[in-house]
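Asks: next come a sequence and a model predicted from it.
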Number of protein chains: 6
Amino acid sequence: MQDSVVEIRVVSPIVTKGFRKVADLRALEYPGIKVSHAQITAGPGSIESEFEAALSVPGTIAEAIKAQNEGVHAVIIDCMGDPGLRPSREAVTIPVLGPCETGMHLAAMLGHRFSVLTVMRRLRASFENTAAVAGLSTKLASVRSVDIPVLELEEDLDRTKAMLIKEGIRAVEEDGAEALVFGCTGLMGCAFALREGLLAHGIDVPVIDPIPAAVSVAAALVRSNLAHSKLTFPQPPEKQLLGYDYIHLPMPLAAE
Amino acid sequence: MQDSVVEIRVVSPIVTKGFRKVADLRALEYPGIKVSHAQITAGPGSIESEFEAALSVPGTIAEAIKAQNEGVHAVIIDCMGDPGLRPSREAVTIPVLGPCETGMHLAAMLGHRFSVLTVMRRLRASFENTAAVAGLSTKLASVRSVDIPVLELEEDLDRTKAMLIKEGIRAVEEDGAEALVFGCTGLMGCAFALREGLLAHGIDVPVIDPIPAAVSVAAALVRSNLAHSKLTFPQPPEKQLLGYDYIHLPMPLAAE
Amino acid sequence: MQDSVVEIRVVSPIVTKGFRKVADLRALEYPGIKVSHAQITAGPGSIESEFEAALSVPGTIAEAIKAQNEGVHAVIIDCMGDPGLRPSREAVTIPVLGPCETGMHLAAMLGHRFSVLTVMRRLRASFENTAAVAGLSTKLASVRSVDIPVLELEEDLDRTKAMLIKEGIRAVEEDGAEALVFGCTGLMGCAFALREGLLAHGIDVPVIDPIPAAVSVAAALVRSNLAHSKLTFPQPPEKQLLGYDYIHLPMPLAAE
Amino acid sequence: MQDSVVEIRVVSPIVTKGFRKVADLRALEYPGIKVSHAQITAGPGSIESEFEAALSVPGTIAEAIKAQNEGVHAVIIDCMGDPGLRPSREAVTIPVLGPCETGMHLAAMLGHRFSVLTVMRRLRASFENTAAVAGLSTKLASVRSVDIPVLELEEDLDRTKAMLIKEGIRAVEEDGAEALVFGCTGLMGCAFALREGLLAHGIDVPVIDPIPAAVSVAAALVRSNLAHSKLTFPQPPEKQLLGYDYIHLPMPLAAE
Amino acid sequence: MQDSVVEIRVVSPIVTKGFRKVADLRALEYPGIKVSHAQITAGPGSIESEFEAALSVPGTIAEAIKAQNEGVHAVIIDCMGDPGLRPSREAVTIPVLGPCETGMHLAAMLGHRFSVLTVMRRLRASFENTAAVAGLSTKLASVRSVDIPVLELEEDLDRTKAMLIKEGIRAVEEDGAEALVFGCTGLMGCAFALREGLLAHGIDVPVIDPIPAAVSVAAALVRSNLAHSKLTFPQPPEKQLLGYDYIHLPMPLAAE
Amino acid sequence: MQDSVVEIRVVSPIVTKGFRKVADLRALEYPGIKVSHAQITAGPGSIESEFEAALSVPGTIAEAIKAQNEGVHAVIIDCMGDPGLRPSREAVTIPVLGPCETGMHLAAMLGHRFSVLTVMRRLRASFENTAAVAGLSTKLASVRSVDIPVLELEEDLDRTKAMLIKEGIRAVEEDGAEALVFGCTGLMGCAFALREGLLAHGIDVPVIDPIPAAVSVAAALVRSNLAHSKLTFPQPPEKQLLGYDYIHLPMPLAAE
């Protein structure tokens, strides 16, 4: 794995076109690392509830299988709800990363406690549950939200950044955060502005932009010949499946 | 809610016909409580993985909405993976219960620690995650399996019961369980045999049959005018949804 | 257990007469469920400390044994300190429920986190300890109090309700509660007023009135043929006991 | 507190005479430390259940108040169930120590994890609950029992010691214990034999004999002018109390 | 151990002379207990970071070995970072106590939750980590600081005490503390002033002065013939060691 | 950071020469990533105790500062005790990674629970403490050891590998591990053999070789412009320091 190019596939689990700009993903490439993109065709326009997250899962699984079939080395699910993370890991053998789980582990490595800055208050329970399943509950200082819907984040980018700085300061000063993680992949690219805004207030904490972070961790895993445990995520058994013509499990490997 | 008949809808999230016998559900009725049944039409033949659980969710959500539209008072998802529990709670306002979460809370009330007796080892991580999200990790003694696929449980019922007794004894003696919960709704009806088998070994612990237990807890909630928190499970926002023609969110209530 | 009438005995562990009105318990009955009442004769006038809770225990145990001897199907201890819960479970084989433990489990099922609204600040440690023993520490958002003694709650009911609404709002907005549980059974009947008051502030969370909730859960357990684990709560051995003429352990069952 | 003699009162919460030998308590005295003894007159013959523990509480509270009235500096409850610990702390202002809570904290200071060696298996849940309330769950490796009733421990002392060594070895080798605590104050005096027996098997771990340990910690608290928090254990309010003529709360202190 | 004089050695892990006054240690002696003092000669002038704590460790280990060689019965490390606690315990067989670990366990015994009052905010993560390793995370209410450097605490003692009272009140009222522990051994002697100041605000909680408390607990351990587990803290193996001429491990005991 | 070469410095915190072969580190390089090596000159010959770990810290801090001064982009401490991790992070602003903390987070991402396979049993408490501080206690299934001293691991490499396979199988089958992490950096290079040996037993779990994994995560952090939180790891203050001539803190940065 040391010489060839590693391809990381970012799968956006929503049907809205143009949300994820290819140029932004291209900016994440570096020598030896290629970043490609895919998008589901059945599912919600954006994800702001567990209802929408659930309906994005079948399409996401299909894209994970497709990526593996195409020789891609790792898949990243482009939503902080990590929708379809565990079933996709069962369906394929290449690493599948959720930006939420990955970002939380990185944050726990970089600071004593971290806060998640997300778009809407209603997502708090979901983030706390992700932390509980990841074993990181004691590291999660708080979940704070800017109260701006996902698809409106870019409409007034200055307001979005100002709100991020305001809630970031409160996370540090009131909740005890010592690192920050974006709680929506729609905030990608705002990390620099948030970190600068915090430094201007004398607060020097890392700001984790989950998609770029997940791309680099995925590359690290591929370089290290690591993938998810097949004891935790075994191949599903062959059986009847109605209504999902677009999902075909890969053939199980002979040797394993 | 004290005088009228309460209707509980059991939704089987698999497409295999005949798995859940109406007579078995009828046996759960008592004065004032009616138990009805529904089944999804898109999804897997049985659920033995998170992949299959995920693909049963859209159909389950649709059945929860349908139940509410028909005036049903509470919904029970007929699978110990509790597939679609949280998105269904967002979609409707009547109580939606998962047998796993419900059974675990009951077990924690009845004994110091409990074990889950399930069908296949591969489900262990999933049960431990459910306990973590329910806040019950310290109460879960172990997850043990009989290693029989769901659709074969009834093929040799004596063997199934013998395996349950064997693993139940080990859960008590080796893992410290003081209550037991079935980890597959396909085991419904085996509680009496397991409890008798354990008593014959001098072990007097409650055995929770999750679907009957969930039916009676659902009735308790309806009688007490209780339903899930809309702060935890708020109505999803209106937005674009492709590929799920059979799912229509109810109109949001005016008052709330 | 499906056809006969189920009798639930509410045992008030205080000596003050008239605190628990029979009409209020009668209102909890529904077809097939009868609610009876008993009261201890040795013990405190009300319970606002662990000292008073401890002195209510011998009488409570005696009433639990009496209830079982009279053919009652389940016992509910009418105090949120759950005094005598565990020793009573050892003494009898019918289900004995504490409203605190039961209410906390229900709250954890209905919302992501819950707060307890109680009468006096001094009870906070006690509620947190109950949550720890129940395995629900991660679900308890906070304990808040209205600072009104138990026997004065009804003197100015409007003030009591106003204080409940005020503290309920703070529990949600400041502590992250998404469900509420009354922390004193003297508040029975105030749930509707609290829920209406919260809805008027745009807060839609379940309010658990522990005695009605425990009655319906007790009925659910009896209907499901479930009782407490005799491994956790084994029959005490026969031995010398001085000063408690009113307590006589039931004969141990032959078979078990 | 540095010059005068400190008196520690050991209160045996059982009515069996001769269980606690005065000479054994005298052996715990050292310069400046006097150990006195008291025993309850209403209660059980021994404590092997939560039922018996509960019935020992009123008498124990009465003895704690009497000790304070007599000028004793600290009280130790002579049972590993710590019966009456919290209500006694509310009733008096001098330190009241439970050997279980004290022994567990000492064990956690001395080794990475500890096991409790007790008399009967049925006490396991109780010890785990004490650890949970003390905040020490992660330090409790296991609870093991020698399966000998309390009042028979001295009948065949060699057998008792042999069983302690056997279970102590298993606690270390199978459960990961690195320190041991006796789980019954009836085992007082066996620590040396157990430690010698373990050393003979190459196992060098501390063995905490809870009553001697609690006596020395009580002396340490008195020497340091420390007592329990009155915010956690406030004086109970004055009120009606029936059936406990032998319990009279001390007058509340004027200044505090 | 009951008749002879017990000598406790307080080791100050900083090179600044005069920080620890011998008279203050002498005041901790009582009949049968002698307190001696030592100080490291290589290391930092004061400890306000993990960097400085780390550089105080080799000298502290050397002093622990020297104390044991001189027949001292127990060692107390005079810094709330407990620097060198675990390696010193490996190196010697007499008890070595850290004031932080010891103070936290005492605080957890005396009140429901405790807060640490320290000198600088930057130490918060370190105290939370100590609590995590001690198994006491659920008992730690908060870490608060007076924001005064260690070596300036005595420059304006009135200001230091006023800040302690202010932060102590906030710990109780805002964070839920019910006991307090000083988070810097430089605060030794301020406990009486803080407790008086809190009582004047109607707050009656114990204030643990860690060095006096550790001295009395060390004496309790020695009186009880207890020391740290050699399974947790085994003697290090003989091997090459460069650059620490002043450290010589004691000869391993023959028998063990 | 996207175009230039990233240099990762592996610092071996022992004085034994030849333990870490440069060729093995070179094999971890890939396009854009250079791996350099340094070793401490004061400290122990190998690290098998907290005593030795502590004595390796000053030298490790010095090497971390030196690496930053030389323009290195990240430092990895070449020992699973992560000695000096936190003080080094305070001293410098480039990322400093411990293989233990990093490997545990990766393992928690890849499997439901993980076990550590280390050299000697005595290190178990240390690994459990690292997991507690990292917030990963619930993810650590067990710590198992091959009972071979560090410097003898390569003497009989076949035996080492056989022992690793044996303990790895037990970790999976008895302890519930679903991923494995080497617990000694001296095992570097054995991951392939262990994984092959486990696959031959039908066990398909990831095996994390901590140094290669940490190198790739360090590169990921540098590529993502991430470093440790200066709120968690602030620059130590200027002050007197005796006996460590070889340690000079970098000048604090002006801007931050």
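Replies: Alright, I've got the coordinates.
Asks: what is the burial count for A:Leu199?
Replies: 14 (other Cβ atoms under 10 Å in any protein chain shown). The way it works is simple: take the backbone N, C-alpha and C, and place the C-beta from them, glycine included.
Asks: contacting residues for the spatially most central residue of chain A?
Replies: The structure's chain A has its C-alpha centroid closest to A:Pro99; by Cα atoms, centre = their mean the separation is 2.2 Å. Each residue near A:Pro99 by Cβ atoms under 8 Å, 6 or more residues apart in numbering or on different chains is listed here: A:Ile76, A:Ile77, A:Asp78, A:Cys79, A:Met80, A:Asp82, A:Thr185, A:Pro210, A:Ile211, A:Ala213, A:Ala214.
Asks: switch those residues over to CSV; also include secondary structure, pLDDT and neighbour count.
Replies: Shown next, in CSV, are the contacts of A:Pro99 (DSSP: H, G, I helix; E, B strand; the rest coil; pLDDT from 0 to 100; neighbours: other Cβ atoms under 10 Å in any protein chain shown):
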residue, secondary structure, pLDDT, neighbour count
A:Ile76, strand, 98, 27
A:Ile77, strand, 98, 31
A:Asp78, coil, 96, 29
A:Cys79, coil, 96, 28
A:Met80, coil, 95, 30
A:Asp82, coil, 97, 26
A:Thr185, helix, 88, 27
A:Pro210, helix, 96, 32
A:Ile211, helix, 96, 29
A:Ala213, helix, 96, 28
A:Ala214, helix, 97, 30
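Asks: which of those residues sit farthest apart?
Replies: The largest separation in the contacts of A:Pro99, counting by Cβ to Cβ, is between A:Cys79 and A:Ala213 at 14.5 Å.
Asks: and the stretch 51-200 of chain A, which residues reach chain C?
Replies: Within the stretch 51-200 of chain A, the positions lying close to chain C (Cβ under 8 Å from any Cβ of the partner chain) are A:Arg124, A:Ala125, A:Glu128, A:Ala132, A:Ser137.
Asks: make CSV from those residues and add secondary structure, neighbour count and pLDDT to it.
Replies: Below are these laid out as CSV (DSSP: H, G, I helix; E, B strand; the rest coil; neighbours: other Cβ atoms under 10 Å in any protein chain shown; pLDDT from 0 to 100):
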residue, secondary structure, neighbour count, pLDDT
A:Arg124, helix, 22, 95
A:Ala125, helix, 22, 96
A:Glu128, helix, 20, 97
A:Ala132, helix, 20, 97
A:Ser137, helix, 17, 97
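Asks: around A:Glu70, how many other residues sit close by?
Replies: For A:Glu70, using other Cβ under 10 Å, the count is 11.
Asks: distance of it from C:Phe19?
Replies: 72 Å (Cβ to Cβ, to the nearest Å).
Asks: one more: A:Asp156?
Replies: Taking Cβ to Cβ, one finds A:Asp156 at 58 Å from C:Phe19.
Asks: buried stuff in the helix or strand that contains A:Ala62?
Replies: Secondary structure assigned from DSSP states H and E places A:Ala62 in helix A:57-69. Of the residues in helix A:57-69, A:Val57, A:Pro58, A:Gly59, A:Thr60, A:Ile61, A:Ala62, A:Glu63, A:Ala64, A:Ile65, A:Lys66, A:Ala67, A:Gln68 count as buried by neighbour count, 16 or more other Cβ atoms under 10 Å in any protein chain shown.
Asks: so what's the last one up against?
Replies: Read it as A:Gln68. A:Val75, A:Val92, A:Thr93, A:Ile94, A:Pro250.
Asks: let's see if you can find the most crowded of the residues you listed.
Replies: Counting by other Cβ under 10 Å, top hit in the contacts of A:Gln68: A:Val75 with 31 neighbours.
Asks: for the stretch 1-150 of chain A, which segments count as helices?
Replies: All helices of the stretch 1-150 of chain A, identified by DSSP state H, counting those that start in this stretch, fall at A:22-26, A:50-55, A:57-69, A:85-91, A:99-110, A:124-134.
Asks: is the second one positioned near chain B?
Replies: Yes: where contact is defined by Cβ under 8 Å from any Cβ, part of helix A:50-55 touches chain B, namely A:Glu50, A:Phe51, A:Glu52, A:Ala53, A:Ala54, A:Leu55.
Asks: closest residue of the stretch 51-200 of chain A to chain E?
Replies: Chain E sits closest to A:His112 of the stretch 51-200 of chain A, with a gap of 3.8 Å, by Cβ to the nearest Cβ.
Asks: surely that residue touches A:Pro206?
Replies: No: using Cβ atoms under 8 Å, A:His112 is not in contact with A:Pro206, being 11.6 Å away.
Asks: the more surrounded of those two?
Replies: A:Pro206 (28 against 23).
Asks: list the contacts for that one?
Replies: Contacts of A:Pro206 (Cβ under 8 Å, 6+ apart): A:Ala107, A:Leu110, A:Gly111, A:Ala179, A:Leu180, A:Arg195, F:Leu226, F:Ala227, F:His228, F:Ser229.
Asks: looking at those, which are in helices?
Replies: Among the contacts of A:Pro206, the members falling in helices (DSSP state H) are A:Ala107, A:Leu110, A:Arg195.
Asks: quick one, which of those has the minimum pLDDT?
Replies: Within the set of those, pLDDT is lowest for A:Arg195 (95).
Asks: leaving aside the residues adjacent along the chain, what's closest to that residue?
Replies: Closest residue in space to A:Arg195, ignoring its immediate chain neighbours: A:Val207 at 4.6 Å, by Cβ to Cβ, 6 or more residues apart in numbering or on different chains.
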